[in-house]
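[1] Fold the following, please.
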Amino acid sequence: MDESHNMSEKRFTRKMSYNDRLFSAAGEVCPPGLNQFVAEGEGIIDTQKWCDAVKIASEANPGSRIILKGHLGRSRWVDSGMTPPVTEVDGSYWDGMGPDGAPFLGKELDLRQGPASEVLLIHGSPLRICFRTHHAVMDGMGLLTWMEDIFRVLRGEEPRGSTSAITDMELARANQSEYRRPFPRNNIAPTGRPSGGVRGVTWKRIIIPGTYKNTLGQIVVLSAREAWKYREGPVRFAIPVDLRFRQPGLRSTGNLAIAIYVEVKKNTTPEDIANDIRKQIAEKRDCMIDRMDPFMRYVPFRYLVKKGNSRIENCNNTGLYGSSGLISNMGRVPVQYFSGGGFNTRLVWGIPPSIESIPFLIGFASYKDEVTLSLGLPEALAGDGRMDSFLKNLKEGLVPADSVCDKN
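    As a prediction, this is how the structure comes out:
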């Protein structure tokens, strides 16, 4: 499928996929609509080395340089040939634990004019590098693919590159012919009912000392218990699954993650969640799509934006959602792949995308002796101390791997 893009004389192009289109509209509903990963560490920042490395790595991964062309079913991404900008910013007033003191994180990226990707060199203590891409052009693993190659070049190595143009729909249909039935939009939120009329999103990051077994399963169950403190109702969480493993050797910067959904009952254990996830992946439910998904390419943006705003209004009125939240597990991050050019990375963590129709988004990564966890919430659900209370209960509820206590 990708042979035409392996020829140097042909410009990289890719169809605009289902997820691309949804994230494009989501960015207009609740800007900036980005994936943002932060490499935090120590050493030096050599600006020229970074500019050179981003140029070389982006040539090898043209998905970092794409802009949007065409409309409706003819929409496509085309390599602009423009290197994503590298910008130095002052981060001396930013503690990295939330949005305060970091106005540069609110800058939007233009899908039609470009750039849709950029790198921020953030001066402060500690030093931080922020890799920003519009969610319409890359998912989290796509961003990590580009990041890894930038650091390879900084270390004097050759970039591995990625030129695959396969889309989420193509990859899913190649592995699964069954369709998923849409779930009812009746799920309750882990921070209770929204405060009416408040728009926007916010986020906060915490560091949890220790090592944990089945962290994802524990977070799912603990989050469900938080929801039932406020009201009774169904609790179902979305768990994004990276589909790249379905095609061995596939390297792509595109949106190739599709969510599976886990439903939680009062007697569900973290082990039940882990077993459910394994079973769904074995059955290739991560490749299931709704019957109408392929037709999303033909829906006008203005309708999707209108629908997105209407959905948020409905959620704020009813306190019910399509899912109770989304939880993304980055796993154990190999920080050695994200160091180079005099910069030594200690942590890699993500800032949750600004998606207001989901009651919360959690992204977490595990390290040798700690977990770093970022929580994104609509402002309507974050007030009155609810965000802090949720994070506190989550931190205190996680059972360490070496605990002799009953595992929930």
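
[2] beta partners of residue 202?
    residue 377 (DSSP bridges).

[3] whoops, I mixed them up, residue 121
    Going by DSSP bridges, residue 121 forms beta bridges with residue 88, residue 129.

[4] and it, how many neighbours?
    Neighbours of residue 121 under the rule other C-beta atoms under 10 Å: 19. No exception for glycine: its C-beta is placed from N, CA and C like everyone else's.

[5] Repeat that for residue 110.
    Count around residue 110 with other C-beta under 10 Å applied: 11.

[6] Skipping adjacent residues, who's closest to it in space?
    residue 116 (7.1 Å; C-beta to C-beta, 6 or more residues apart in numbering).

[7] Next, work out how far apart that neighbour and residue 223 are.
    Residue 116 is 32 Å from residue 223, where distance means C-beta to C-beta, to the nearest Å.

[8] residues contacting the residue nearest to residue 110?
    Applying C-beta atoms under 8 Å, 6 or more residues apart in numbering, we find residue 116 in contact with 66, 67, 109, 110, 133, 134, 136, 137.

[9] Nearest to residue 368, out of these: which one, please.
    Lowest distance from residue 368 to the contacts of residue 116 (C-beta to C-beta) belongs to residue 133, with 28.0 Å.

[10] Which strand residues bridge that closest one?
    Those that pair with residue 133 in a beta bridge, by DSSP bridges, are residue 35, residue 117.

[11] Go ahead and confirm it touches residue 143.
    Yes. The pair residue 133 / residue 143 is scored as a contact, 5.4 Å apart, by C-beta atoms under 8 Å.

[12] In terms of neighbours, single out the busier of the two.
    Between residue 133 and residue 143, residue 133 has the larger neighbour count (other C-beta under 10 Å), namely 27 against 24.

[13] any idea how far residue 99 lies from residue 284?
    Distance, residue 99 to residue 284, by C-beta to C-beta: 38 Å.

[14] same deal with residue 396?
    Using C-beta to C-beta, we find residue 396 at a distance of 37 Å from residue 284.

[15] ok, and the most crowded of the contacts of residue 116?
    Neighbour counts for the contacts of residue 116, by other C-beta under 10 Å, peak at residue 137, which reaches 31 neighbours.

[16] and that one, what is it in contact with?
    Listed by C-beta under 8 Å, 6+ apart, the contact set of residue 137 reads 20, 63, 64, 66, 77, 111, 116, 117, 253, 254, 255.

[17] Make JSON lines out of these and add distance to residue 378, secondary structure and pLDDT.
    Formatted as JSON lines, the contacts of residue 137 follow (distance: C-beta to C-beta, whole Å; DSSP: H, G, I helix; E, B strand; the rest coil; pLDDT from 0 to 100):
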{"residue": "20", "distance to residue 378": "23", "secondary structure": "helix", "pLDDT": "95"}
{"residue": "63", "distance to residue 378": "30", "secondary structure": "helix", "pLDDT": "97"}
{"residue": "64", "distance to residue 378": "29", "secondary structure": "helix", "pLDDT": "98"}
{"residue": "66", "distance to residue 378": "29", "secondary structure": "strand", "pLDDT": "98"}
{"residue": "77", "distance to residue 378": "29", "secondary structure": "strand", "pLDDT": "98"}
{"residue": "111", "distance to residue 378": "23", "secondary structure": "coil", "pLDDT": "97"}
{"residue": "116", "distance to residue 378": "25", "secondary structure": "coil", "pLDDT": "97"}
{"residue": "117", "distance to residue 378": "26", "secondary structure": "strand", "pLDDT": "98"}
{"residue": "253", "distance to residue 378": "28", "secondary structure": "coil", "pLDDT": "97"}
{"residue": "254", "distance to residue 378": "27", "secondary structure": "coil", "pLDDT": "96"}
{"residue": "255", "distance to residue 378": "22", "secondary structure": "coil", "pLDDT": "96"}
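
[18] just the buried members of these?
    Of the members of those, the ones counted as buried by neighbours, 16 or more other C-beta atoms under 10 Å, are 20, 63, 64, 66, 77, 111, 116, 117, 253, 254, 255.

[19] Among the residues you listed, which one sits closest to residue 351?
    Nearest to residue 351 among the buried ones among the contacts of residue 137, counting by C-beta to C-beta, is residue 117 at 15.0 Å.

[20] pLDDT-wise, which helix or strand of this protein ranks last?
    In the chain, no helix or strand scores lower on mean pLDDT, DSSP states H and E than strand 289-290, which sits at a mean of 90.

[21] Neighbouring strands of that one in the sheet, and parallel or not?
    Its sheet considered, strand 289-290 pairs with strand 179-180 (parallel) by DSSP bridges.

[22] That's all I had, so thanks and see you.
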